[in-house]
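# My questions are about this predicted structure, shown below with the sequence.
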Amino acid sequence: MSGPVLVAGVDSSTQSCKVVVRDAATGALVREGRAPHPDGTEVHPGAWGEALDAAVAAAGGLDDVAAVAVGGQQHGMVCLDEAGEVVRPALLWNDTRSAGAARDLVAELGGGAAWADAVGVVPVASITVTKLRWLAEHEPAAAARTAAVCLPHDWLTHRLAGAPGLDALVTDRGDASGTGYWSAASGSYRTDLVERALGHGAVLPRVLGPAERAGTTPGGAVLGPGSGDNAAAALGLGAGPGDVVVSIGTSGVVSAVADVPAADPSGAVAGFADATGRFLPLVCTLNAARVLDATARLLGVDHAELSRLALAAPAGADGLVVVPYLEGERTPDRPDATGAVHGLQLGTSTPAHLARAAVEGLLCGLADGLDALVAQGATVGRVLLVGGGARSEAVRRIAPSVLGVPVVVPEPGEYVADGAARQAAWALSGAGAPPAWASTAEQRYEADPAPSVRARYAGVRDLVAPRPGA
Ligand SMILES: Nc1ncnc2c1ncn2[C@@H]1O[C@H](COP(=O)(O)OP(=O)(O)O)[C@@H](O)[C@H]1O
Ligand SMILES: O=C(CO)[C@@H](O)[C@H](O)COP(=O)(O)O
């Protein structure tokens, strides 16, 4: 008796690799696995390959899987030589060393509006094109050896295909739109911007349509095109127009599925594409779940206790404010900033006040992102809260007051990997739309808006010390 047709989805995210195996027809979870990634903002892609192998093994292998697709952290610069070998470790989305290159590139093209017009994105250090310029300036020999440039998910898809030649590299609209040299609005590469940044041209992955097959694995499984993790999450959640997804992972992300591309000359909103043929205007911060990790470490408690402490303090933490720029910041563009604690008094020097201020600080950054998205025309119907940080009860309960809207928290899950699996099922079926998988249970959180928390944060968010040596 033959069983259900199975598909697999991969989330190769900043901190780990997750694999889900699902029933292609119903979406039912069959099995899953995960493996950690190394720390740091510079990682050899081989480490992602090893983590993928380990996560696949933990998920029971792919031998019985008919199709697989990869969602991955966006923007990372993977440089390959003529032979397809990795030239140097990849610089990740949260590596800020190319901040100066970003400023130079923006000025060279005549400012933010010119970039927003050209590719829908105003480059900051996260965006791939700035990393190419950094490479050309700081490691010219590595830049000269670079024959092809791709992204983390592209490289893993290529590896799953058995690493055929450079000409077989493929990507999708969602991830291509985060490079700074592919325009979601026109659907085409700006190879001149690659040449400007890198000093010469390079092979770039062919951009596939949302359900176009990317080939097969040596074992015969169909490969979906994959996507950036945020586009994959939107697909996994079944987000549609009016839905805003707030993700608290390593990055903090506010994004919305849209029918028209965004082009924000201020650079706050990135004009990305989604994984279904539409668009995904998106705001991203560098500091999200790790702000909770760091605060828990400071207080010597686990996440459950951090959450309990945060909920024990009053809203606004009696004026204590954490500015959470622990990694510098991307939105607003403050690559050289550090975090800060403002408003310390004897009465606010308690673990509960600090826990509350940390949760509120990270949420204030996301609330600013939501405002920016709305200013670009997004409509806010449902706000879906996902990512590792959404497992915190304090985050879930404080989010509606800081964001100023109710939030819906889907059952904790791996929505990026789920989106990739759904895409794999779509590519396998050849249908005009992704399979209609049942949505998961969700919980709704409401609270009175707390504008005073945001006002106090806005008053101090620029009062931060530079990073040493900046
Ligand atoms: N219960 C929790 N409360 C707060 N943070 C959590 C909790 N569980 C996990 N996290 C944090 O979430 C992050 C991982 O989230 P995830 O969305 O998987 O990130 P990424 O996709 O960027 O790798 C880690 O920093 C982890 O410590
Ligand atoms: O840079 C962005 C979006 O532009 C990040 O969202 C990365 O895609 C990493 O995502 P996580 O690992 O935090 O999920």
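Received the coordinates, thanks. Ligands and ions are numbered 1, 2, ... in the order given.
# and the longest helix for the chain?
Secondary structure assigned by DSSP state H gives helix 351-375 as the longest helix of the chain.
# Name the surrounding residues that touch the following helix or strand past that helix.
Toward the C-terminus, helix 351-375 is succeeded by strand 383-386 as the next helix or strand (DSSP states H and E). Strand 383-386 has contacts (C-beta atoms under 8 Å, 6 or more residues apart in numbering) with 233, 237, 239, 243-248, 370, 395-396, 399, 403, 405-410, 413, 415, 442, 445. (Glycine included, C-beta is placed from N, CA and C.)
# how far does strand 383-386 sit from the chain's center?
On the basis of C-alpha atoms, centre = their mean, to the nearest Å, strand 383-386 sits 14 Å off its chain's mean C-alpha point.
# Would it count as contacting ligand 2?
No - Strand 383-386 stays clear of ligand 2 (C-beta under 6 Å from any ligand atom), getting no nearer than 9.7 Å.
# Now the helix or strand containing A231 - C-alpha only, PDB.
Per DSSP H and E: A231 is located in helix 229-237. Taking C-alpha atoms only, helix 229-237 is exported to PDB below (Å, rounded to 0.1, in the frame of the first residue of the first chain):
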ATOM      1  CA  ASP A 229      13.000  33.300   4.800                       C
ATOM      2  CA  ASN A 230      10.500  36.200   5.100                       C
ATOM      3  CA  ALA A 231       8.800  35.400   1.800                       C
ATOM      4  CA  ALA A 232       8.700  31.700   2.700                       C
ATOM      5  CA  ALA A 233       7.200  32.600   6.100                       C
ATOM      6  CA  ALA A 234       4.400  34.600   4.400                       C
ATOM      7  CA  LEU A 235       3.700  31.600   2.200                       C
ATOM      8  CA  GLY A 236       3.800  29.200   5.200                       C
ATOM      9  CA  LEU A 237       1.300  31.400   7.100                       C
END
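# quick one: average confidence on that helix?
Mean per-residue pLDDT for helix 229-237: 98.
# That helix vs ligand 1: in contact?
No - residues of helix 229-237 are not located near ligand 1 by C-beta under 6 Å from any ligand atom, the shortest gap being 6.6 Å.
# Tell me if the following helix or strand past that helix is near ligand 1.
Downstream of helix 229-237, the first helix or strand assigned by DSSP H and E is strand 244-248. No - between strand 244-248 and ligand 1, judged by C-beta under 6 Å from any ligand atom, nothing touches; the nearest distance is 6.9 Å.
# got it, and stretch 420-435?
No - Stretch 420-435 stays clear of ligand 1 (C-beta under 6 Å from any ligand atom), getting no nearer than 12.8 Å.
# ok, now stretch 349-368?
No - taking C-beta under 6 Å from any ligand atom as the criterion, stretch 349-368 and ligand 1 are apart, separated by no less than 9.4 Å.
# secondary structure element for the nearest residue to A231 once chain neighbours are set aside?
If the residues on either side of it in the chain are set aside, A231 comes closest to G174, at 3.2 Å by C-beta to C-beta, 6 or more residues apart in numbering. Take DSSP H and E as the rule and G174 turns out to sit in helix 173-176.
# following that helix, which helix or strand comes up?
Sequence order places strand 182-183 as the next helix or strand after helix 173-176, per DSSP H and E.
# now that next one, how far from the chain's geometric center?
18 Å.
# neighbours of the closest residue to A35 other than its chain neighbours, just the number please.
Leaving aside its chain neighbours, A35 sits nearest to A54 (3.7 Å; criterion: C-beta to C-beta, 6+ apart). By the criterion of other C-beta atoms under 10 Å, A54 has 16 neighbours.
# isn't A54 right up against V19?
No - using C-beta atoms under 8 Å, A54 makes no contact with V19, being 9.4 Å away.
# between those two, what contacts are shared?
G33.
# Return the distance of T171 relative to ligand 1.
20 Å (C-beta to the nearest ligand atom, to the nearest Å).
# right, I mislabeled it, should have said H37
Here H37 is placed at a distance of 8 Å from ligand 1 (C-beta to the nearest ligand atom).
# OK, contacts around the closest residue to P140 other than its chain neighbours?
Closest residue in space to P140, ignoring its immediate chain neighbours: G199 at 7.8 Å, by C-beta to C-beta, 6+ apart. Residues counted as contacts of G199 (C-beta under 8 Å, 6+ apart) are 136, 140, 143-144.
# Let's have these in a markdown table, adding neighbour count, pLDDT and distance to R97.
Below are these laid out as a markdown table (neighbours: other C-beta atoms under 10 Å; pLDDT from 0 to 100; distance: C-beta to C-beta, whole Å):
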| residue | neighbour count | pLDDT | distance to R97 |
| --- | --- | --- | --- |
| A136 | 19 | 98 | 13 |
| P140 | 11 | 98 | 16 |
| A143 | 22 | 98 | 15 |
| A144 | 15 | 98 | 19 |
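# Just to be careful, could you list which of those residues are in helices?
136, 140, 143-144.
# For the closest residue to W437 other than its chain neighbours, what are phi and psi?
Distance criterion C-beta to C-beta, 6+ apart; nearest residue to W437, sequence neighbours excluded, is G27 at 2.8 Å. Dihedral angles of G27 (phi, psi; degrees, to the nearest 10) stand at phi 90, psi 0.
# and the gap between G27 and A438?
Look at G27 and A438: by C-beta to C-beta, to the nearest Å, they are 6 Å apart.
# ok, the residue of the stretch 51-200 of the chain found nearest ligand 1 - how many residues close by?
Ranked by C-beta to the nearest ligand atom, the top residue of the stretch 51-200 of the chain for proximity to ligand 1 is Q73, at 7.1 Å. By other C-beta under 10 Å, the residues close to Q73 number 29.
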